[in-house]
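>>> Provided below for reference: sequence and predicted model.
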Amino acid sequence: DAKTTQPNSMESNEEEPVHLPCNHSTISGTDYIHWYRQLPSQGPEYVIHGLTSNVNNRMASLAIAEDRKSSTLILHRATLRDAAVYYCILRPFDFGNEKLTFGTGTRLTIIP
Amino acid sequence: NAGVTQTPKFQVLKTGQSMTLQCAQDMNHNSMYWYRQDPGMGLRLIYYSASEGTTDKGEVPNGYNVSRLNKREFSLRLESAAPSQTSVYFCASREDRRANNEQFFGPGTRLTVL
């Protein structure tokens, strides 16, 4: 299974953009890139996903490298409520593969 | 919509006791999942159910059983709890198994086994 690598932690100032990187050098051509975040004492929540093209939604943007071996989650204007652990995961297109695991993610701290 | 609900929120067991964690979703989703999260760790898949009437093992199934009671409900049973099963348990669902579908998670059950 393709793996992802993320920094353990990052800090950012409030109201500034945040770029959270993820490396997935063994990604296959049909793997979707998903991002989830987990706020303290809560279950994970979906943030965004993409396949090849950059994606935007109300929460964030996802920038995918041309070779798809890395991606970056962009929070355009961080708030204190964005402090969470962010997980980058690859979801295979193969219907038979559900053994998806969340790594340890990146713990994002927002500095007021 | 309540989304994914889990009961109980907290539970303390003694070694060897049994219990069932309940999960329900009101989104008419086909696929449901059980994960565990140990302190400082990511989530690991215990069991999943791709559709009503089917269940399959995930990464860490030992010591657990599951039942997909109907399309809405997916329960996780610990027959003989062990301290190693102390963890936070999350239930999740998604519409189906297509790769571009998001998962919706419940609030979690915090289990302590003494």
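All right, it came through fine. Numbering: from 1, shown residues only, chains lettered A, B, ... in the order given.
>>> how near is residue A:68 to residue A:20?
For residue A:68, the distance to residue A:20 (Cβ to Cβ, to the nearest Å) stands at 17 Å. Every C-beta, even on glycine, is put in place using the N, C-alpha and C of the backbone.
>>> Find the residue closest to residue A:54 in space, skipping its chain neighbours.
Of all residues not flanking residue A:54 in the chain, residue A:63 sits nearest, at 5.2 Å (Cβ to Cβ, 6 or more residues apart in numbering or on different chains).
>>> What separation do you get for that neighbour and chain B?
18 Å (Cβ to the nearest Cβ, to the nearest Å).
>>> count of neighbours near that residue?
Neighbours of residue A:63 under the rule other Cβ atoms under 10 Å in any protein chain shown: 16.
>>> doesn't it fall inside a helix?
No. Counting by DSSP: H, G, I helix; E, B strand; the rest coil, residue A:63 is not part of a helix but strand.
>>> Tell me what it is bridged to.
Going by DSSP bridges, residue A:63 is paired in beta bridges with residue A:72.
>>> Just want the residue of chain B that's nearest chain A.
Per Cβ to the nearest Cβ, residue B:105 is where chain B lies closest to chain A, at 3.3 Å.
>>> To what extent is the nearest residue in space to that residue that is not next to it in sequence buried, counted in neighbours?
For residue B:105, the nearest residue in space outside its immediate sequence neighbours is residue A:43; the separation is 3.3 Å by Cβ to Cβ, 6+ apart. Number of residues near residue A:43 (other Cβ under 10 Å) recorded here: 23.
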